[in-house]
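Student: with the sequence up front, the predicted model follows.
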2 protein chains.
Amino acid sequence: MKLINMMAVATLLVTATTHAANNLVPVAEKTQETATSLRDKAFKDDSAYEILRSLTTEVGSRHPGTPGEKAGIQWGVNKLKALGFDKIYTEDVKMNGWVRGIETAEVLVPSYQKMIITALGRSKSTPEGGLEADIAHFETYADLEKAKDGSLQGKIAFISNRMERFKDGAGYGPANIARSKGHELAAQKGASAILIRSIGTDDHRNPHTGATSVAMGYTQVPAVALSNPDADQLVRLMGYGHTPKMRLNVQTKDLGDIVTKNVIGEITGSEFPDEVVVIGGHLDSWDLGTGAVDDGAGVAIAMATAAFIKNNTDVNPRRTIRVILWGAEELGLIGARAYAKAREADGTIDKHMIGSESDFGAGPVYGLRSSKNVSAKAIHVVDTMAGIMGELGVSRRSGDTSGGPDMMPLSALGVPALGLMQDGTDYFDLHHTPDDTFDKVNPDHMRQNLAAWTVFTYIAAQWPGSFK
Amino acid sequence: MKLINMMAVATLLVTATTHAANNLVPVAEKTQETATSLRDKAFKDDSAYEILRSLTTEVGSRHPGTPGEKAGIQWGVNKLKALGFDKIYTEDVKMNGWVRGIETAEVLVPSYQKMIITALGRSKSTPEGGLEADIAHFETYADLEKAKDGSLQGKIAFISNRMERFKDGAGYGPANIARSKGHELAAQKGASAILIRSIGTDDHRNPHTGATSVAMGYTQVPAVALSNPDADQLVRLMGYGHTPKMRLNVQTKDLGDIVTKNVIGEITGSEFPDEVVVIGGHLDSWDLGTGAVDDGAGVAIAMATAAFIKNNTDVNPRRTIRVILWGAEELGLIGARAYAKAREADGTIDKHMIGSESDFGAGPVYGLRSSKNVSAKAIHVVDTMAGIMGELGVSRRSGDTSGGPDMMPLSALGVPALGLMQDGTDYFDLHHTPDDTFDKVNPDHMRQNLAAWTVFTYIAAQWPGSFK
């Protein structure tokens, strides 16, 4: 129904107006038919799920500077070859490496209890053997802000507020400041370390790591996250009137200069090979789990989408589909920034017609949103995509999007982006934890993602008009 | 409805027959009324939940030979005092102690991956720094039995079958042989270690520890359990045709002779103080979690039940209610065996009228079962208890019961027992894992348990007849 309406509107505008009409390029009926047929076939296809199984099982975690990262890059190249991509290459990205070593915590007073923690990204080490200090409790980052500068000498600042659960992950941002900036604030207040409740929605003793505001070197004080049950435990202990004393031992290492890679595979455009549609996920993961929902799923969906389109069309779509397996996303979109900078420098940024990244887990897509860079004359194409995705439970949504974290540098340079919004209700149960493993992924959801991404990618590469 | 029927039957038998009737002592109407009224009040009472909060928070884990165990024993004595028990004492129990130290595992081939494991009870250490060996995979213990003796030299035997989920925990027994006896079988086959999938129903990276068949010293080869997702990972790796090579480093310590305690509190019987009704839970826990569902919940329910009855009756019930916080259950009912042996020796075993232990988590009670030691002439009392518990969702069940693990030695000596059957659908998600923490417990379920246990305990202590 929606499709027919959209076509009618497009046809009407093309035929009945003059100046504006010339700018509106309809989505050909044949393109829509092919997209619909690809959708239905993709919805029964397990290739994304199987690619994810391979990555998470045969490689595992892929943190920059570790053997897993190297194995992941090699896996990416090999898998792109096996999937029949037309062109495969990697691009070096310079960065500063950091890895965790020992990370233990114990409550010493009022009773001896082992706590489960993990170091946050680029955490500074404690003195060898650890530090011992009383807990100074703040419910929120804002509460810690109110403490007098220098007033927390010899204490561990503890921020205990819990991230809220929402379908769209809206609880992440508000909670995340404790993770990213807590170390700076704790240092300012004189604390010897910052201890936060994990930024996550689960109730398991699997702590959530994640980046801090630091890009190189170390945080100002050791920065660690307690699992949710451990954070509950500390809060309960204080509820009995105790002031817990803890021993915290964190040993981490700055690896200095290292090189990571963006791994790229292309399905060459049959008519406009220089014009690219960028899709992808990030190949790096945190080290604790195997990076299944963050972001093996995105990697697998993007690789499977492009290969599926190539293998199910007689002729490649008009534009090149460029699958980018982004490097070092977790540490600050490092691969994405390098890629965008290089395209700005070599002038090919204008050939980036549209893009999107899948990086919000393995839940089903429920919404399609377009960025402000998508021009008014191309909005009907997005509406058409959403119409064809409707059968998959996807609806057109308002609001802006960057098209995913690794699309942000390209979006900032004017590249149009779409957001294929995923149900992230459970995403933050697993995000950045040891529990981010393949068994958590639902194969039905992976098929649905593949179908939705196929619709978007095929039409974006086949429709000859400009999204800008 | 059921109550009235039971009373009618009892009355009928007492009045209308001669020999048999003399043996049937009815449950007085007043006793039933009081039990009903206590039930309704207990169902609104959070004392069991609050006792559990205190134990799991202020003490934490309570493994024999650790500071947590000592703190737990002290907590037990103090809490019994605070709850107003009439008599409080401890009894020493000699045992052999064992504690875990380092426990790490990594897949080295085909790619480097950290695995999450835990040592099983009394596991032998690997050589310092660990051992490296290929995995020899067996789906079940029975499959490992079929291997030739001595054929697994230089390999780690891995048993991968998964425990099934049932409300009554029926999947535990069949899966458990790999944990208890796997080390013996692996040694017989020549393997250098036994690696099992955790005996548990969850999908989190929290491994399940537990006892082996060894009472003193060490297992024959190092014995460890992988978390369920890690076991899945190994199985998937082998599905790709790889033979994983692992490094396993387990360092454990035999503590030699140690002393633990049964902690006992009594509500003295007002008429038959020498006759005891035994209720309890076990105070020890595994070291990984804080022993909330195993078995802080049982400890809290038993303590709260006795205190609730004392505080809500004008006169103590006729018999003594003896709450036993059993020591070292996890390592083979060590406290329970010592207790039963001592009562057999001093002749007071006959004064144990009936008993039960709560040791199946914190789920609601749904069934009441009596042991074969309960004589035919006392069955009507059990039926009466079940009738009064009916409002709580409890129904009378057929089948035998030991009355809980720590009641087994007493049951073997002829002490009648009841089983208050709990819904254990989720119990083995948490059992023996780091995830066994207070946040997993539902306060509504704790209130329901308190109400059911109050009905049983009050009637058992107040009804003047014999259960034997």
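Tutor: Received the coordinates, thanks.

Student: wait, what's in contact with residue A:381?
Tutor: By Cβ atoms under 8 Å, 6 or more residues apart in numbering or on different chains, the residues touching residue A:381 are A:27, A:459-460, A:463, A:465, A:467. C-betas here are computed from N, CA, C, even on glycine.

Student: wait, which of those residues is closest to chain B?
Tutor: Proximity of these to chain B (Cβ to the nearest Cβ) peaks at residue A:460, which lies at 33.9 Å.

Student: which of the helices or strands spans that closest one?
Tutor: helix A:443-462 (DSSP states H and E).

Student: how about that helix and chain B, touching?
Tutor: No - applying Cβ under 8 Å from any Cβ of the partner chain, one finds helix A:443-462 separated from chain B by no less than 13.8 Å.

Student: of all the residues in that helix, which ones are buried?
Tutor: A:445-462 (16 or more other Cβ atoms under 10 Å in any protein chain shown).

Student: what do you get for stretch A:372-384?
Tutor: A:373-374, A:377-378, A:380-384.

Student: so which of those belong to helices?
Tutor: Among those, DSSP state H puts A:380-384 in helices.

Student: would you turn those into JSON lines with pLDDT?
Tutor: Shown next, in JSON lines, are these (pLDDT from 0 to 100):
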{"residue": "A:380", "pLDDT": "98"}
{"residue": "A:381", "pLDDT": "98"}
{"residue": "A:382", "pLDDT": "98"}
{"residue": "A:383", "pLDDT": "98"}
{"residue": "A:384", "pLDDT": "98"}
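
Student: from those, which single one is nearest residue A:63?
Tutor: residue A:382 (35.6 Å; Cβ to Cβ).

Student: does chain B sit close to stretch A:216-235?
Tutor: Yes - for stretch A:216-235, a contact with chain B is found by Cβ under 8 Å from any Cβ, at A:228-229, A:232-233.

Student: of all those residues, which comes closest to residue A:110?
Tutor: Once Cβ to Cβ is applied, the member of these that ends up nearest residue A:110 is residue A:233, at 11.9 Å.

Student: would you confirm that that closest one contacts residue A:117?
Tutor: No - the pair residue A:233 / residue A:117 is not scored as a contact, 11.9 Å apart, by Cβ atoms under 8 Å.

Student: doesn't residue A:255 lie inside a strand?
Tutor: Yes - residue state for residue A:255 (DSSP: H, G, I helix; E, B strand; the rest coil) corresponds to a strand.

Student: what sits against it?
Tutor: A:65, A:96-99.

Student: kindly recompute the last result at 10 Å.
Tutor: Neighbouring residues of residue A:255 by Cβ atoms under 10 Å, 6 or more residues apart in numbering or on different chains: A:64-66, A:95-99.

Student: which of those come close to chain B?
Tutor: residue A:66 (Cβ under 10 Å from any Cβ of the partner chain).

Student: which one (most neighbours) among the contacts of residue A:255?
Tutor: Counting neighbours by other Cβ atoms under 10 Å in any protein chain shown, residue A:64 leads these with 29 neighbours.

Student: mind checking how far that residue is from chain B?
Tutor: Applying Cβ to the nearest Cβ, to the nearest Å, the value for residue A:64 to chain B is 15 Å.

Student: other residues contacting whatever helix or strand residue A:143 lives in?
Tutor: Assigned by DSSP H and E, residue A:143 belongs to helix A:141-146. With Cβ under 10 Å, 6+ apart as the test, helix A:141-146 has contacts from A:136-138, A:140, A:152, A:157-161, A:174-182, A:185-186, A:188-189, A:191, A:194, A:196.

Student: hmm, back to that, of all the contacts of residue A:255, which two lie farthest apart?
Tutor: Spanning the widest gap among those are A:66 and A:96, at 14.3 Å by Cβ to Cβ.

Student: and residue A:135, which of the three is it?
Tutor: strand.

Student: just the pLDDT for it.
Tutor: Residue A:135 is assigned 98 on the pLDDT scale.

Student: can you tell me which of the contacts of residue A:255 is nearest chain B?
Tutor: Nearest member of those to chain B, counting by Cβ to the nearest Cβ, is residue A:66, at 7.9 Å.

Student: from memory that closest one sits against residue A:288, does it?
Tutor: No - the criterion here is Cβ atoms under 10 Å, and residue A:66 misses it with residue A:288 at 11.7 Å.

Student: do you know the pLDDT at residue A:18?
Tutor: 39.

Student: an error on my part: the question was meant for residue A:361.
Tutor: We note a pLDDT of 98 for residue A:361 in this prediction.

Student: what about it, distance to residue A:291?
Tutor: Between residue A:361 and residue A:291 the distance is 11 Å, computed by Cβ to Cβ, to the nearest Å.

Student: what residues are shared contacts of these two?
Tutor: Residues within reach of residue A:361 and of residue A:291 at once, by Cβ under 10 Å, 6+ apart, are A:297-298, A:436.

Student: closest to chain B out of those?
Tutor: Taking Cβ to the nearest Cβ as the measure, chain B lies nearest residue A:436 of the shared contacts of residue A:361 and residue A:291, at 9.2 Å.

Student: what sits against that closest one?
Tutor: Residue A:436 makes contact with A:56, A:61, A:206, A:208, A:285-286, A:288-297, A:361, A:427, A:429-430, B:205, B:229 under the criterion Cβ under 10 Å, 6+ apart.

Student: what subset of these is buried?
Tutor: Using 16+ other Cβ under 10 Å as the burial test, the contacts of residue A:436 include A:56, A:61, A:206, A:208, A:285-286, A:288-297, A:361, A:427, A:429-430, B:205, B:229 as buried.

Student: and the residues you listed, which of them are in helices?
Tutor: Short answer: those in helices (DSSP H) are A:297, A:427, A:429-430, B:229.

Student: could you identify the most distant pair in the residues you listed?
Tutor: Maximum pairwise distance among these (Cβ to Cβ): 17.0 Å, between A:427 and B:229.

Student: any idea of the mean pLDDT for the helix holding residue A:460?
Tutor: Per-region confidence: helix A:443-462 scores 98 on mean pLDDT.
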